[in-house]
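# what's the 3D shape of this:
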Amino acid sequence: MIDYEKLNVKIGIEIHQQIDSSKLFCSCQSIISDEPAIKKIKRKLRAATSETGKLDVAAEYEIGKDKIIHYEIPKKSCCLVELDESPPYPVNQEALDSVLQIALLLKATILERAIVMRKVVLDGSNTSGFQRTALIAIDGKVETSKGIVNIPGIYLEEESARKVSEDKTSTTYSLDRLGIPLVEISTAPDIKDAEHAKEVASTLGMILRSTGKVKRGLGTIRQDLNLSIKNEAKIEIKGFQDLRSIPLIIENEIKRLSGLPKIVGEVRKANEDLTTSFLRPMPGPERMYPETDIPILIITKERISKIKLPELLSAKTLRLEQDYKLNPEMAREVVKSGLDLDYYANEYPNVEPSLIVRTLIEAPKEIKSRFNLDPYKIKEQDFKFVLAALNNKEITKEAILDMLTKFAQGHKPNTNDYKQLSPEQLEQEVKETIAKNKDAGFNAVMGMLMSKHRGKIDAKLLSQLINKHLKKQ
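Now for the predicted structure:
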């Protein structure tokens, strides 16, 4: 067991999340493309001194590799701005509003004036040799099970180019990702231990998703860790997306640092085996200098007042449980899927909310697993057709799977084919089936009648009638 207090472990997290909008400094779409590049260019970056007249140590290290950089130009999502052949356009206002909304959710103080800075990056991931970033808000906080974690800075910045391949002499990047807006959230070293770090990252991720304005999927969010022990130099660990890996990476790194006679501040890469390896020296203050091509961003109180705050996903989950009598797992599934259950419950008031969820979320999964059909062939209007039939009592819930399966097969089902047997008709069927199959038990009779009248009978009523007439034998 690691004694975090004795080792005076300090842990902070940096979250980098892509914003779902066009690019930050041009009007190109934020699309990651798997299409072949329409052109390739070759460059070699050089280091420049900052305002202090010094070179950044991390920049010197990258230049020392003496690598050739190749850039693949995609058919879409790229213009002269990504190529660094044109000055940047004005800041994407939609992306800025998204960061302002995130800052408000984190109870941060939004700056009245934000200055876009250049952060020197010479590994080739930025064609210009720097990344543009702006501090938008300060003094935020997030509540966790182990107390408040402070957030000194919330930034709006541009995403780097996507690495395609690398060898000893060159690196190849695609320019499709370059310039996608990012929000960066940096916490103070208030994180108590490895599991707490995972909780903080998860909570921040939940808040970001609550806005509905961030991208989802692999590669759209990254976490970096800042870690130190015994008041020694800070280590930055980069490059992991899976929250489950955070605790083990932290514990392994603490053990590694504990065995060193001297700790040197450096940036390290998170490896697949949950260890870390050297990436580059820790950058210094020489890394940053002002961007001269972009005016200062003026953020007025009037602008901030117009930003509406969304319902947090954690609060929404609890509300769905209470309002619609959903079990916790089903409520989490609704939130995870993005399903607007409020809309559907209002549109189809005669259908139980839990049945709406099973129709829209669970039934498509069953169709894929049981029948190997593509559930994406079922359109929104197909689901609404089934829900309307349920709402109007034209079908029973037993018909749902069969009707949706037909939609997935490219057919349109007829509700008349699922017309429910009357209780009298069903009871007569039960009596006749039991009479013809005297040795059949409950499950056998149930299976025969459910198969014969697929989607036309109420399973609960059928169960009651079978039990009733089996007892009479």
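# Quick check: closest non-adjacent residue to the most centrally placed residue in the chain.
By CA atoms, centre = their mean, the mean C-alpha position of the chain lies nearest to Arg216, the distance being 3.8 Å. In space, and not counting its chain neighbours, Arg216 is closest to Arg209: 7.4 Å by CB to CB, 6 or more residues apart in numbering. All C-beta spots, glycine's among them, are computed from the backbone N, C-alpha and C.
# burial count for that neighbour?
By the criterion of other CB atoms under 10 Å, Arg209 has 19 neighbours.
# That one: what secondary structure?
helix (DSSP: H, G, I helix; E, B strand; the rest coil).
# Same check on Glu329?
Taking three-state DSSP, the label given to Glu329 is helix.
# Could you do Leu156 as well?
Quick answer, by three-state DSSP: Leu156 is strand.
# quick one, what contacts it?
24, 91, 95-96, 99, 114, 133-134, 136, 181-184 (CB atoms under 8 Å, 6 or more residues apart in numbering).
# let's see it at 6 Å
Val99, Ala134, Ile136 (CB atoms under 6 Å, 6 or more residues apart in numbering).
# What are the buried residues along the biggest strand by length in the chain?
In terms of residue count, the longest strand belonging to the chain (DSSP state E) is strand 130-144. If you call a residue buried by 16 or more other CB atoms under 10 Å, then strand 130-144 has these buried ones: Phe130, Gln131, Arg132, Thr133, Ala134, Leu135, Ile136, Ala137, Gly140, Val142, Thr144.
# count of neighbours near Ile148?
12.
# beta partners of it?
Glu143 (DSSP bridges).
# Surely it and Asp139 touch.
No: with contacts counted by CB atoms under 6 Å, Ile148 stays clear of Asp139, the gap being 11.7 Å.
# low-scoring stretches of the stretch 101-250 of the chain, by residue?
For the stretch 101-250 of the chain, no stretch has pLDDT under 70.
# mind listing the strands in it by residue range?
Using DSSP state E, counting those that start in this stretch, the strands found in the stretch 101-250 of the chain span residues 109-110, 113-114, 116-120, 130-144, 147-158, 162-166, 170-174, 181-186, 221-228, 235-240.
# Check what contacts stretch 281-301 and list those residues.
50-52, 54, 56-58, 61, 87-88, 110, 112-120, 132, 265-267.
# repeat that for 8 Å
25, 49-52, 54-59, 61, 87-88, 90-91, 96, 100, 110-120, 132, 134, 136, 233-234, 236, 265-267.
# okay, among the buried residues of strand 130-144, which ones form the most distant pair?
Phe130 and Thr144 (34.2 Å; CB to CB).
# Identify each buried residue in stretch 103-111, please.
Ala103, Leu104, Leu105, Leu106, Ala108, Ile110, Leu111.
# pretty sure the third one contacts Leu313?
No: contact status for Leu105 versus Leu313: not in contact, 11.2 Å apart, counting by CB atoms under 8 Å.
# Could you pull out the residues contacting both of the two?
Ser210.
# could you pull out the helices for the stretch 151-300 of the chain?
194-210, 246-258 (DSSP state H, counting those that start in this stretch).
# Please tell me how far the residue nearest to the centre of the chain sits from Arg256.
Remark: distance between Arg216 and Arg256 (CB to CB, to the nearest Å) = 33 Å.
# go on, Ile138?
Distance from Ile138 to Arg256, by CB to CB: 33 Å.
# can I get the CA coordinates of whichever helix or strand Val335 is part of in CSV?
If you go by DSSP states H and E, Val335 is part of helix 328-337. Output of helix 328-337 as CSV, limited to C-alpha atoms (Å, rounded to 0.1, in the frame of the first residue of the first chain):
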residue,chain,number,x,y,z
PRO,A,328,-30.7,3.1,-11.6
GLU,A,329,-29.1,1.0,-14.4
MET,A,330,-31.8,1.9,-16.9
ALA,A,331,-31.6,5.6,-16.0
ARG,A,332,-27.9,5.6,-16.6
GLU,A,333,-28.4,3.9,-19.9
VAL,A,334,-30.9,6.5,-21.0
VAL,A,335,-28.4,9.3,-20.1
LYS,A,336,-25.5,7.5,-21.7
SER,A,337,-27.5,7.1,-25.0
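# Report the rounded mean pLDDT for that helix.
The average pLDDT within helix 328-337 is 95.
# How about residues contacting the following helix or strand past it?
Using DSSP H and E, the helix or strand that follows helix 328-337 towards the C-terminus is helix 341-347. Applying CB under 8 Å, 6+ apart, the contact partners of helix 341-347 are Leu320, Tyr324, Val334, Pro353, Ile356, Val357, Leu360, Lys384, Leu387.
# try it again with 10 Å
316, 319-320, 323-324, 326, 330-331, 334-335, 340, 351-353, 356-357, 359-361, 383-384, 387-388, 391 (CB atoms under 10 Å, 6 or more residues apart in numbering).
# Now for the residue lying closest to Thr49 once chain neighbours are set aside: which residues touch it?
Once flanking residues are discounted, Thr49 sits nearest to Leu55: 5.7 Å by CB to CB, 6+ apart. Counting by CB under 10 Å, 6+ apart, Leu55 makes contact with Ala47, Ala48, Thr49, Ile63, Val120, Leu122, Gly284, Glu286, Arg287.
# Buried ones only from those, please, as a ChimeraX command.
Filtering the contacts of Leu55 down to the buried ones (16+ other CB under 10 Å) takes a single ChimeraX command:
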select :47,63,120,122,284,286,287
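# Which one of the contacts of Leu55 is nearest to Asn8?
For the contacts of Leu55, the nearest to Asn8 is Gly284 (23.7 Å; CB to CB).
# just to revisit the earlier point, where's the residue nearest to Thr49 relative to Lys238, distance?
22 Å.
# Look up the closest residue to Leu248, ignoring the ones flanking it.
Closest to Leu248 by CB to CB, 6+ apart is Leu274, at 4.6 Å.
# ok, that neighbour touching Ile249?
Yes: under the criterion of CB atoms under 10 Å, Leu274 makes contact with Ile249 at 5.2 Å.
# These two: who's more crowded?
Taking other CB under 10 Å, Leu274 and Ile249 do not tie; Ile249 has more neighbours (24 against 18).
# wait, doesn't the more buried one sit right on Gln241?
No: Ile249 is beyond contact range of Gln241, at 11.9 Å (criterion: CB under 10 Å).
# which neighbours do the two share?
Going by CB under 10 Å, 6+ apart, residues that sit against Ile249 and also against Gln241 are Gln223, Ala270.
# give the contact list for Ile138.
Ala103, Ala108, Thr109, Ile110, Leu111, Ile151, Pro152, Gly153, Ile154.
# Could you give the bridge partners of Leu166?
Rather than Leu, residue 166 is Glu. Applying DSSP bridges, one finds that Glu166 bridges with Thr171.
# What's the separation between it and Ile68?
Taken as CB to CB, the span from Glu166 to Ile68 is 11 Å.
# what residues do the two have in common as contacts?
Joint contacts of Glu166 and Ile68 (CB under 10 Å, 6+ apart) are Gly124, Thr172.
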